[in-house]
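In: make a model of this:
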Amino acid sequence: MRLRWLLLVMLWTAPGWVAPVWAQQNVRVPVEQGGRTVQLTAQLYKPASTTGRVAAVAIFHGCGGPGQNTARMAGLLASWGYAALDVDSFSARGLKDVCGRNWPTQAQAEARARDIDAALAWLGAQSFVDPRRLAYMGYSYGGGVALLRALSGKPDEATPAPGSSTVRAAVLVYPDCALADALGLKLAVRQPTLFAMGALDDWTPPAQCRAVIDRVTKGRDLIETRIYEGAHHSFDALGLPVRYLDGVGNRSKLGGCCGAHYGANELAWKAFVVDVQAFLAKALGR
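Out: Okay, the predicted model is just below:
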C-alpha cells in the first residue's frame, strides 16, 4: 500500500501550476536489449517557435517512473527554447515502480544507461535538433544511471578532440551516486556536469556524491554542485509535504534497506530552476 502511495504522489501536480501548452508528441525510441529491440515510449516537447536547429535535452525519471516533475521540467526546457524528450524506461519493460526493497542492481542500472545513448541518438537524428548540442538529465535512480554516462573509470585515456562529442552537458538531480562505486577509484568527467542535491536528502545523500567527486582526477573543473539547504529528496515534487517512507529501498543504508524522507521544498525548486537554466545556457549556448 505504501509503495502504491509513493507512485501516486509522484504524479501529483503542484497546486496552481498548469502545464504550459507546448507542442507535445508521443514518440518511440528504439533501444537494443538482449538481442531484441525495445521501443521506449517518450514525450517530445518542442519550443513554440524555432529559428534553425535547437539544442535538445533527454530526461530520465527515477525509480517510480515518469512523473509531474519530469514533465514540468520538459515544459520549462521547451519554454527556454530547447527540445526536450521525457523518456519512459519502464512501461515497455513492464515495470511500474522499483522503489521497494529490491532496489535496482548495478547490472540493471548499467543496462538502463543504454537508454541514454539511444535517446540522444534519436534526438540527434531529428531535423530540428542540432546534433552538436545535446544534453541529458537524470533524477534519483535515473540520475545514478546518468552518472554512469557522465563519468568514466578510465581517466588516463586520451582526451577527446574538441567538438568530437555530441553530448555537451549532464544534469544529475539528487542522483544515486552509490552506482559510481563500480567505476573504480579514479574517475574522469566527460562533459560539463551539474550535481543538484538537497542538503537533508537521506535517500541519495550529498555525502555520497561528494565522495564520488573526490575520486575525479581528470575534468574536475567541469563539475558544478548545488546543494539546497532545508531540502530533502524530490524537493521538486511540488505540493507534496515531506514524509518518511519506511518501505523503500535505500542504497545509502547498510544492506540497502530501508526508509527515506521524501517531499517538496518550493524554495529549493525555484533555485534549482534558475541554476539549471544558467548551466544549460552556458554549456549548450543560446
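In: return the distance of residue 82 relative to residue 174.
Out: 21 Å (CB to CB, to the nearest Å). All C-beta spots, glycine's among them, are computed from the backbone N, C-alpha and C.
In: these two: which is more packed in?
Out: Between residue 82 and residue 174, residue 174 has the larger neighbour count (other CB atoms under 10 Å), namely 30 against 25.
In: what pLDDT does the more buried one get?
Out: If you check residue 174, the pLDDT there is 98.
In: what's the answer for residue 50, then?
Out: Predicted confidence (pLDDT) for residue 50: 69.
In: what strand or helix carries residue 101?
Out: For residue 101, there is no helix or strand it lies in under DSSP states H and E.
In: hang on, residue 222 packs against residue 189?
Out: Yes: between residue 222 and residue 189 a contact is recorded at 4.6 Å, counting by CB atoms under 8 Å.
In: output stretch 261-279 as CSV, nothing but the C-alphas.
Out: The C-alpha trace of stretch 261-279 is given here as CSV (Å, rounded to 0.1, in the frame of the first residue of the first chain):
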residue,chain,number,x,y,z
HIS,A,261,12.4,11.1,3.6
TYR,A,262,10.7,12.5,0.5
GLY,A,263,8.9,15.7,-0.3
ALA,A,264,8.9,19.2,-1.7
ASN,A,265,10.7,22.4,-0.9
GLU,A,266,9.5,25.1,-3.2
LEU,A,267,12.4,27.5,-2.5
ALA,A,268,14.9,24.8,-3.4
TRP,A,269,12.9,24.0,-6.6
LYS,A,270,12.9,27.7,-7.6
ALA,A,271,16.7,28.0,-7.0
PHE,A,272,17.2,24.7,-8.9
VAL,A,273,15.3,26.0,-12.0
VAL,A,274,17.5,29.1,-12.1
ASP,A,275,20.6,27.0,-11.7
VAL,A,276,19.6,24.6,-14.5
GLN,A,277,18.7,27.3,-16.9
ALA,A,278,22.0,29.1,-16.3
PHE,A,279,24.0,25.9,-16.6
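In: for the chain, where's the lowest mean pLDDT among helices and strands?
Out: helix 2-9 (a mean of 38; mean pLDDT, DSSP states H and E).
In: tell me the first helix or strand C-terminal of that helix.
Out: Toward the C-terminus, helix 2-9 is succeeded by strand 23-33 as the next helix or strand (DSSP H and E).
In: now do that next one: which elements does it pack against?
Out: Applying 3 or more CB pairs under 8 Å, 6 or more residues apart in numbering; DSSP states H and E, one finds that strand 23-33 contacts strand 36-46, strand 83-88, helix 106-124.
In: give me the three-state assignment for the residue lying closest to residue 237 once chain neighbours are set aside.
Out: Using CB to CB, 6 or more residues apart in numbering and skipping the chain neighbours, the partner closest in space to residue 237 is residue 264 (4.8 Å). Following DSSP: H, G, I helix; E, B strand; the rest coil, residue 264 is assigned to coil.
In: and residue 264, how many neighbours does it have?
Out: The tally of other residues near residue 264 (other CB under 10 Å) stands at 22.
In: you'd agree it is up against residue 230?
Out: No: here residue 264 does not reach residue 230: they are 11.2 Å apart, not a contact under CB under 8 Å.
In: where do the helices sit along the stretch 51-200 of the chain?
Out: 68-79, 106-124, 141-150 (DSSP state H, counting those that start in this stretch).
In: if anything else comes up later, I'll come back, but that's it for now.
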